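Chemist: Please work out how this folds:
(2 chains)
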Amino acid sequence: MISKLIQRRKNLPMTLIEIRNLTKKFGDFIAVDHLNLSIEEGEIFGLLGPNGAGKTTTLLMLTTVIKPSEGTAIIGGYDIRTNPDKARKLIGMSFQDPKLLWVDTILDVLDWHAKVCGLSRQERKNRVEWALKELGLWEIRRKKIHALSGGTRKRIEVAKILIQRPKIAIVDEPTAQIDVVGKHRIWNMIRALRDEGSTIILATNELYEADELSDRIGIMHRGKLLVCDSPEKLKDSIPGGDVVEVRTERGIPREVLEKLKKFDEIVEIAVIESNYLRIHLNRVEETVPKIMEILFNEKIQVLSVNVTQPSLDDVFLHYTGLTIEEAEKLSPVR
Amino acid sequence: MKELREVLYVIERDVKMFLNHKILLFMRAVWFIAQIALFGLIASRMVIVPNYFEYYAAGITITILYSTAVFIGYDIYEEAEHGIVEYLLSLPISRKKLAIGRSIGGGLRSFIYVAPLMGIVLAWIGVRNPINFMIAFFSLFLFAFGVAGMSITIAMGVKSSDKFDILMGALDALIVRLSTVMYPKVYIERANPFYAELANFNPLTFASELFRWGAGIEQYLTFEPLLSVLVIVAFFSIFTLIGIIFYEKRLEGGGWQ
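Modeler: Purely as a prediction, here's the structure:
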């Protein structure tokens, strides 16, 4: 308790979720394999991996929908094994596949969800109306679920969590089946949910989505957590992942190349032409100015500089040896 | 108060979900009216039992109360098919409250549906003693909860919609026919004393006895009304409790077929 107060005073991040050796086995198949992870209060944590990596199973264990085979998680101080009801009070989940009965109307679904999450009548009315309007569902709010497209059903699923505004919001592939405009709208709403105080766990297999939204990303593959860090640090963790292409007015002398090679950040220099270099390096933001300074001092005029940073796909490839598409094809759960 | 409200929301959902099955409910009402206005009316002219029409109308009311209370089990399977079970499990309410709400909701909704039909039957056959009827009415209310609890118990026990369907079909055939719903016990005994013994342990026998007693159709009563009330209360208590326990314990873990 005292340490928590000190952490708050010092504005240090508070661990809201502590996952310890969390494991789920279905017969001989290990869906989640001794997962260890901490999630800080107020962050958007991206759980990235191909289908079948164990993301959804992990989330279902955190929401106490399924019981772990081994290990546990502490959510806001409550153990999901010994105190599931209290842990669940802190959590709201937007499922990957919309969980809706076909005979209900959109309004029925959201109004009941708001009620059972403990919202007062006025709060319920306001939030349901707001979410329906924001997600473009207001005009069709009295339509039954069976008459709606997959994308609309997905928006209803996302609306549930936006209305609930839980302390921990778990969103499993929130923009699957949703068009580009809708995706951006949902991303903004997820960010707004975080700004209002929710901690977000975002499970996705969309690299751009994870990169765009997450403060930190955990990459899962075959039930294991391979690596976990901020998107920038993950990209920096690939040796020579950044690529800088420099074209100069005249050829670059050998002694200048030797000077460049002395930088720790530079992994490899490929001389494409005498005045055209392709440099593989790390920490591109810090290193490019140093390269420019050397060329400037040697009075070599730079005609163009092209910087390419690695994507999360490169990160995934680096840690698994597979692209995310290849990993999906090889997944045991398809 | 908040605790109670959460249970009420679960009940409300079950009632609404049931009332959303408009075609099903309409067809059940048509079936019920056809049973009374066609079968009951014609059969009463064929059989030698005095006032058989009244006897049959009361019995068929219990049958429809039973068959609609059983429906909660089918809803549980529909929810499993659409992934609603996971959604319910993820909600910020305790499993116990969810289970209690489902059990009460399952019984209450069937009673809400059958009450107007019961009113039609009573308008037809008349109520001779309102106090008796109120006692019977309350007992039937409990009976509906007991049946809902029984349906939940079986649904959660087998976790297979095919098995549940077959089991409930067989159970429906036996439980209705091996009771005094459609024929007085004296005729069952004449046909086969063993059948009559089985009817003595059938909750539908006691429910229909109570309804007839409440409506003043007393010439074929086999048991004391107090015994019928006690049996119905026991049936309600046992199956509501088992239903809650089964729902709470077996809802997690998947395995739905």
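
Chemist: Only C-alpha atoms from now on, for both contacts and neighbour counts.
Modeler: Noted.

Chemist: Now do the same contact list for the closest residue to chain A within the stretch 51-200 of chain B.
Modeler: Going by C-alpha to the nearest C-alpha, chain A is nearest to B:P92 of the stretch 51-200 of chain B, at 4.5 Å. For B:P92, the contacting residues are A:D85, A:R88, A:K89, A:L90, A:I91, A:G92, A:V116, A:C117, by C-alpha atoms under 8 Å, 6 or more residues apart in numbering or on different chains.

Chemist: show me where chain B has helices.
Modeler: In chain B, the segments counted as helices under DSSP state H are B:2-19, B:22-34, B:41-46, B:52-69, B:71-81, B:84-90, B:95-125, B:130-158, B:161-177, B:185-191, B:193-199, B:203-215, B:225-250.

Chemist: quick one on the thing from earlier: what separates the residue of the stretch 51-200 of chain B closest to chain A from A:L162, distance-wise?
Modeler: Distance, B:P92 to A:L162, using C-alpha to C-alpha, to the nearest Å: 15 Å.

Chemist: Given whichever helix or strand A:T23 is part of, what are its sheet partners and their directions?
Modeler: Per DSSP states H and E, A:T23 falls inside strand A:15-26. Applying DSSP bridges, strand A:15-26 is found paired with strand A:29-40 (antiparallel), strand A:70-75 (antiparallel).

Chemist: what sits against the residue in the stretch 151-300 of chain A that chain B sits nearest to?
Modeler: Closest residue of the stretch 151-300 of chain A to chain B, C-alpha to the nearest C-alpha: A:P166 (9.7 Å). Contacts for A:P166 (C-alpha under 8 Å, 6+ apart) come out as A:L90, A:I91, A:G92, A:S198.

Chemist: Can you give me the neighbour number for the spatially closest residue to the first one that is not a sequence neighbour?
Modeler: What sits nearest to A:L90 in space, not counting adjacent residues and going by C-alpha to C-alpha, 6 or more residues apart in numbering or on different chains, is A:K167, at 5.3 Å. The number of residues packed around A:K167, counting by other C-alpha atoms under 10 Å in any protein chain shown, is 21.

Chemist: and A:K167, what pLDDT?
Modeler: On the pLDDT scale, A:K167 is placed at 95.

Chemist: Which single residue of chain A approaches chain B most closely?
Modeler: Closest point on chain A to chain B, by C-alpha to the nearest C-alpha, is A:K89, at 4.5 Å.

Chemist: which residues touch that residue?
Modeler: Neighbouring residues of A:K89 by C-alpha under 8 Å, 6+ apart: B:L91, B:P92, B:I93.

Chemist: is it true that the last one touches B:L8?
Modeler: No - under the criterion of C-alpha atoms under 8 Å, B:I93 makes no contact with B:L8, lying 11.8 Å away.

Chemist: can you count the residues close to A:E249?
Modeler: Other residues near A:E249 come to 12 when the count uses other C-alpha under 10 Å.

Chemist: Leaving out chain neighbours, which residue sits closest to it?
Modeler: Counting by C-alpha to C-alpha, 6+ apart, A:Q301 is the residue found nearest to A:E249 once chain neighbours are left out, at 5.5 Å.

Chemist: Look up how far B:V158 lies from that neighbour.
Modeler: Plainly put, A:Q301 is 79 Å away from B:V158 if you go by C-alpha to C-alpha.

Chemist: Spit out the contact partners of B:L251.
Modeler: Counting by C-alpha under 8 Å, 6+ apart, B:L251 touches B:V85, B:L89, B:M156.

Chemist: Number of residues surrounding residue 34?
Modeler: I'll assume chain A. Around A:H34 there are 20 other residues, counting by other C-alpha under 10 Å.

Chemist: you looked at the wrong chain, it should be chain B
Modeler: With other C-alpha under 10 Å as criterion, B:A34 counts 13.

Chemist: and the closest residue to A:V302 other than its chain neighbours, what are its phi and psi?
Modeler: Here the nearest residue to A:V302 in space, its sequence neighbours aside, is A:T248; by C-alpha to C-alpha, 6+ apart that works out to 4.3 Å. The phi/psi pair for A:T248 (degrees, to the nearest 10) reads phi -120, psi 170.

Chemist: what about A:T248, how many neighbours?
Modeler: The burial count for A:T248: 17, using other C-alpha under 10 Å.

Chemist: contacting residues for it?
Modeler: By C-alpha under 8 Å, 6+ apart, the contact set of A:T248 is A:N275, A:Y276, A:I300, A:Q301, A:V302, A:L303, A:S304.

Chemist: any idea how far the fourth one is from A:G251?
Modeler: The reference is to A:Q301. Using C-alpha to C-alpha, one gets 10 Å for the distance from A:Q301 to A:G251.

Chemist: about what we covered before: wait, the residue nearest to A:L90 sits on A:E196?
Modeler: No - when contacts are counted by C-alpha under 8 Å, A:K167 is not listed as touching A:E196 (9.6 Å).

Chemist: State the pLDDT value of B:G254.
Modeler: In this model, B:G254 is scored at 65, pLDDT.

Chemist: For chain B, what lies in contact range of chain A?
Modeler: Residues of chain B lying close to chain A by C-alpha under 8 Å from any C-alpha of the partner chain are B:6, B:9-10, B:13, B:17, B:20-21, B:79, B:82-84, B:86-87, B:89-95, B:252-254.

Chemist: and the residue nearest to A:E249, backbone torsions?
Modeler: A:Q301 adopts backbone torsions of phi -80, psi 130, taken as degrees, to the nearest 10.

Chemist: give the contact list for the nearest residue to A:R81 once chain neighbours are set aside.
Modeler: Nearest residue to A:R81, sequence neighbours excluded (C-alpha to C-alpha, 6+ apart): A:T72, at 6.5 Å. If you count contacts by C-alpha under 8 Å, 6+ apart, A:T72 has them with A:I19, A:R20, A:N21, A:L22, A:D79, A:I80, A:R81.

Chemist: burial count for A:A192?
Modeler: Counted with other C-alpha under 10 Å, the neighbours of A:A192 add up to 13.

Chemist: And the strands in the stretch 101-250 of chain A?
Modeler: Secondary structure of the stretch 101-250 of chain A (DSSP state E, counting those that start in this stretch): strands at A:168-172, A:199-204, A:216-221, A:224-229, A:242-248.

Chemist: center of the chain - which residue?
Modeler: This is for chain A. Central residue of chain A (C-alpha atoms, centre = their mean): A:G46, 2.1 Å from the mean position.

Chemist: wrong one, chain B
Modeler: B:Y66 (2.4 Å).

Chemist: mind checking how far that residue is from B:I60?
Modeler: Using C-alpha to C-alpha, B:Y66 is found at 10 Å from B:I60.

Chemist: Likewise for B:E224?
Modeler: Distance from B:E224 to B:I60, by C-alpha to C-alpha: 21 Å.

Chemist: Compare neighbour counts for these two and give me the winner.
Modeler: Using other C-alpha under 10 Å as the criterion, B:E224 and B:I60 rank with B:I60 on top: 22 against 12.

Chemist: pLDDT wise, what is the nearest residue to the more buried one once chain neighbours are set aside at?
Modeler: Of all residues not flanking B:I60 in the chain, B:V181 sits nearest, at 6.7 Å (C-alpha to C-alpha, 6+ apart). Among the per-residue scores, B:V181 holds a pLDDT of 90.

Chemist: and B:V181, how many neighbours?
Modeler: Using other C-alpha under 10 Å, B:V181 is surrounded by 26 other residues.

Chemist: Distance-wise, check it relative to A:H113.
Modeler: For B:V181, the distance to A:H113 (C-alpha to C-alpha) stands at 41 Å.

Chemist: ok, now which ones touch A:M61?
Modeler: A:K67, A:P68 are the contacts of A:M61 under C-alpha under 8 Å, 6+ apart.

Chemist: Could I have the CA atoms of the helix or strand containing it written out in CSV?
Modeler: A:M61 is part of helix A:55-62 when elements are defined by DSSP H and E. Output of helix A:55-62 as CSV, limited to C-alpha atoms (Å, rounded to 0.1, in the frame of the first residue of the first chain):
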residue,chain,number,x,y,z
LYS,A,55,-3.5,-14.0,-27.6
THR,A,56,-7.2,-14.6,-27.3
THR,A,57,-6.7,-17.5,-24.8
THR,A,58,-4.5,-15.2,-22.7
LEU,A,59,-7.3,-12.6,-22.7
LEU,A,60,-10.0,-15.1,-21.8
MET,A,61,-7.9,-16.2,-18.8
LEU,A,62,-7.4,-12.6,-17.7
